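# this is a predicted model, with the sequence first.
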Amino acid sequence: MKNEVSIKEFQDFDVGDIYKIVRQIYLTSGFMSDDFDRKFPSIAHFNKHFLQILEKRSSFFLVAISQNKPVGYLVLEANPAKNLRHTATLNMGVTDKFRGMGVGKYLLGQSLQKAKDDGCTEIVYLMVRADHGGAIQLYKNAGFHTLTKLEKDTKINNEYFDGLLMRKFIQ
């Protein structure tokens with residue numbers, strides 16, 4: 001898969017194209033914790049949100065490309081707090097047609113290397129639903145470890161789901 005997928009920066013795209021792909025990922029994944037259209041009622045809201053993230057030192061938004069089309073994304077958001085600047089949170093997703101094909105693995109690997117090369121981020125945190133076995137395995141294979149289980153962390157249509165807080169030291 002690595003030879004068929006390339007990685008580009010958010011800034012290399014028309015924001016409308018990135019908005020569409022992230023929205024499609026949210027709408028086709030049962031594992032996202034927020035409603036995309038509520039969170040981003042317009043492309044302008046989406047763009048403003050991610051431009052604010054990208055203003056933070058060591059933050060980035062990567063896009064996985066296959067056949068000249070976006071197929072996944074990963075956002076690493078550095079913590080701006082003085083005593084937490086060595087930490088960042090990670091959020092990612094892959095389109096339904098490319099899930100299970102190594103795109104997430106490649107995107108995650110490239111992003112962790114980018115963060116390591118930058119030298120500012122030492123610890124990466126992420127949240128994942130405890131029933132999302134594929135994502136958990138991806139993160140474990142990349143060196144993430146579960147810190148804690150958050151019981152009934154997410155509620156969807158009166159059904160509760162546990163969450164896992166995971167961490168990886170990259171420096």
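Great, that's in hand. Residues are numbered from 1 along each chain as shown.

# and stretch 146-157, average pLDDT?
Mean pLDDT, computed over stretch 146-157, is 95.

# for it, which residues meet the burial criterion?
By 16 or more other Cβ atoms under 10 Å, the buried positions in stretch 146-157 come out as Asp153, Thr154. Where you see a C-beta, it was placed from the backbone N, CA and C, and this is true even at glycine.

# likewise stretch 86-94?
Buried residues in stretch 86-94, counted by 16+ other Cβ under 10 Å: Thr87, Ala88, Thr89, Leu90, Asn91, Met92, Gly93, Val94.

# the longest helix belonging to the chain: what's the following helix or strand?
Using DSSP state H to define each element, the chain has its longest helix at helix 103-118. Remark: after helix 103-118, the chain's next helix or strand is strand 123-129, criterion DSSP states H and E.

# elements contacting that next one?
For strand 123-129, the elements it packs on are strand 87-94, helix 133-141, strand 145-156, strand 159-169, judged by 3 or more Cβ pairs under 8 Å, 6 or more residues apart in numbering; DSSP states H and E.

# and it, which strands flank it?
Partners of strand 123-129 in the sheet, by DSSP bridges, are strand 87-94 (parallel), strand 159-169 (antiparallel).

# what's the average pLDDT for the helix or strand containing Leu27?
Per DSSP H and E: Leu27 is located in helix 15-28. Summarised as a single mean, pLDDT over helix 15-28 is 94.

# what does that helix rub up against?
Contact with helix 15-28 is made by 10, 32, 34-37, 40, 43, 46-47, 61, 63, 70-73, 93-96, as judged by Cβ atoms under 8 Å, 6 or more residues apart in numbering.
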